[in-house]
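Colleague: A structural model of the following input is requested.
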Amino acid sequence: MIKNIIFDLGNVLSAFDPDDMLIQCTGISSQHLKDIIFKDWNHLDNGTITYSDYKKEVLKLASETEIPLVSQFFETWITSLPPIKEIHDWIIELKEKGYHLYILSNAPVIFEEHVSAYPITQQFDGMVFSASIQKVKPNLDIYEYFLQKYGLKAEECFFIDDKKINIEGAIKCGIQGMVYQNNLEDIKKKVYR
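Modeller: Next up, the predicted model:
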């Protein structure tokens with residue numbers, strides 16, 4: 001029986017689209033800006049570089065006219081990811097039905113520090129972000145850490161992520177799961193069966 005629903009953040013709870021983020025945070029669309037900002041983003045998620053050092057590395061690659069745009073991006077993206085409404089509505093429904101809700105996301109420390117800017121996170125019983133523990137999906141150690149931290153049984157958990165490889169990692173740890181790709185009704189059938 002499923003008692004615990006675990007959500008990824010990017011492209012499950014909130015949209016994480018580099019093109020849209022760039023336009024929203026800087027007002028422009030630029031392939032070069034996108035390339036330099038997101039070039040080594042996985043290092044932020046892994047926790048192998050600090051946010052300020054990462055920003056410095058990106059600024060070195062920016063042209064003189066791009067420097068203020070890069071700074072603006074790094075100051076604003078953290079609190080401006082748009083919600084995925086159907087998931088937010090379902091979270092309220094799940095909470096009312098008595099499910100325990102969690103977030104398990106690959107994300108930089110800076111995002112974890114600002115996550116309370118997203119009101120939906122108040123509905124969650126716990127959150128684990130990759131950078132602060134230097135464990136990332138789909139590696140099994142992050143799922144094991146998550147289960148141990150909250151004292152959960154894998155077979156009572158259901159994980160929703162936008163990447164198949166991350167679901168596969170969860171399944172290897174005994175957690176059921178499904179990829180979210182605008183298929184919420186199918187996910188509900190699996191959870192409620």
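
Colleague: okay, CA-based contacts and neighbour counts for the rest of this
Modeller: Fine.

Colleague: per the record, what domains does this structure have?
Modeller: As given by automatic domain parsing, the domain ranges for the chain are 4-15+82-192, 18-79.

Colleague: Can you lay out those as CSV showing mean neighbour count and mean pLDDT?
Modeller: Below are those laid out as CSV (neighbours: other Cα atoms under 10 Å; pLDDT from 0 to 100):
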stretch, mean neighbour count, mean pLDDT
domain 4-15+82-192, 17, 97
domain 18-79, 16, 96
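
Colleague: residue contacts, the closest residue to residue 135 other than its chain neighbours?
Modeller: Distance criterion Cα to Cα, 6 or more residues apart in numbering; nearest residue to residue 135, sequence neighbours excluded, is residue 142 at 5.3 Å. When contacts are counted by Cα atoms under 8 Å, 6 or more residues apart in numbering, residue 142 touches 130, 135-136.

Colleague: Just those: which are in helices?
Modeller: residue 130 (DSSP state H).

Colleague: now the strands: where do they sit in this structure?
Modeller: 4-7, 100-105, 126-129, 157-161, 176-179 (DSSP state E).

Colleague: by contact count, what packs against the last one?
Modeller: If I follow you right, that is strand 176-179. strand 157-161, helix 164-172 (3 or more Cα pairs under 8 Å, 6 or more residues apart in numbering; DSSP states H and E).

Colleague: quick one: strands adjacent to that strand?
Modeller: Neighbouring strands of strand 176-179 in its sheet, by DSSP bridges, are strand 157-161 (parallel).

Colleague: Surely residue 160 touches residue 177?
Modeller: Yes. Between residue 160 and residue 177 there is a contact under Cα atoms under 8 Å: 5.7 Å.

Colleague: gap between residue 84 and residue 93?
Modeller: Separation of residue 84 from residue 93 (Cα to Cα, to the nearest Å) stands at 15 Å.

Colleague: still on that earlier bit, want to throw the helices and strands packed on strand 176-179 into JSON lines with distance to residue 19?
Modeller: JSON lines is the format used below for those (distance: least, Cα to Cα, whole Å):
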{"stretch": "strand 157-161", "distance to residue 19": "20"}
{"stretch": "helix 164-172", "distance to residue 19": "22"}
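
Colleague: Now do the helices in the protein.
Modeller: Using DSSP H, the helices assigned to the chain run over residues 18-26, 31-38, 41-46, 51-61, 67-76, 85-96, 109-114, 130-133, 140-150, 164-172, 184-192.
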